[in-house]
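Colleague: Structure for the following, please:
(one chain, ligands or ions: 1)
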Amino acid sequence: MPHWSSLIRDIPDFPKPGIVFKDITPVLADARGFAAAIDAMAAPWREAVPDAFIGIESRGFIFAAALAHSLGAGFVPVRKPGKLPARTLAHDYALEYGSDRLEMHADALPPGARVVLVDDVLATGGTLRAALSLARQQGATVVGAAVLVELPELDGRARWDSDAPLHVALQG
Ligand code: AMP
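Modeller: Coordinates of the predicted model:
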């Protein structure tokens, strides 16, 4: 196990009873831990750096922006409804706790842009699937996904509707 994995803490019954929340903020607060986590997430994309890393609000922003900077790629945000100022595309999806909608600027990516989707935690996979749909709606080529932690018991991988690799730095 990488040393930074011990910095991820389980918070029971957050944000509601029955959910065990993976709190990644201690990884971010630790200089070596944060750097090592980004290195682990970046490794699969070093040989063929994508045009952009697409970060999913909100913790996905942190990892996608760091990956973009580290590898010399762009960063594009996928946001919750009503946050992006220009014309957007939207996709509705189910969460482990509730449901939501994701939006992306319609002109955020040129057609055919090679992109990697990024989030902190893969739970049911609904969020990543929604981001995949949005990126495809824009004509982007999704070359993969990068997630820090997977909760394998929720089988979110089964909802990853793509032949492109879904790389997880740590099995939760
Ligand atoms: P899902 O769509 O179920 O795969 O949920 C993934 C999204 O919800 C990610 O953006 C996570 O940040 C958040 N999330 C879902 N479940 C958890 C959890 N148990 N711990 C931390 N974050 C979670």
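
Colleague: now the helices for the protein?
Modeller: Here the chain has its helices, by DSSP state H, at 25-29, 31-42, 59-71, 126-137.

Colleague: Figure out which of those helices is closest to residue 118.
Modeller: When the helices of the chain are compared by Cβ to Cβ, helix 59-71 sits nearest residue 118, at 3.8 Å. Placement of C-beta: from N, CA and C, glycine included.

Colleague: Identify each buried residue in the closest one, please.
Modeller: Across helix 59-71, burial judged by 16 or more other Cβ atoms under 10 Å covers 59-68, 70-71.

Colleague: Stretch 133-144 too?
Modeller: Neighbour counts over stretch 133-144 (16+ other Cβ under 10 Å) mark 133-135, 138, 140, 142-144 as buried.

Colleague: Closest one of those to the ligand?
Modeller: Ranked by distance to the ligand (Cβ to the nearest ligand atom), the buried residues of stretch 133-144 are led by residue 133 at 12.7 Å.

Colleague: Can you give me the pLDDT of the residue lying closest to that closest one once chain neighbours are set aside?
Modeller: Residue nearest to residue 133 in three dimensions, not counting chain neighbours: residue 91, with 4.7 Å by Cβ to Cβ, 6 or more residues apart in numbering. Looking at residue 91, its pLDDT is 93.

Colleague: All set now, cheers.
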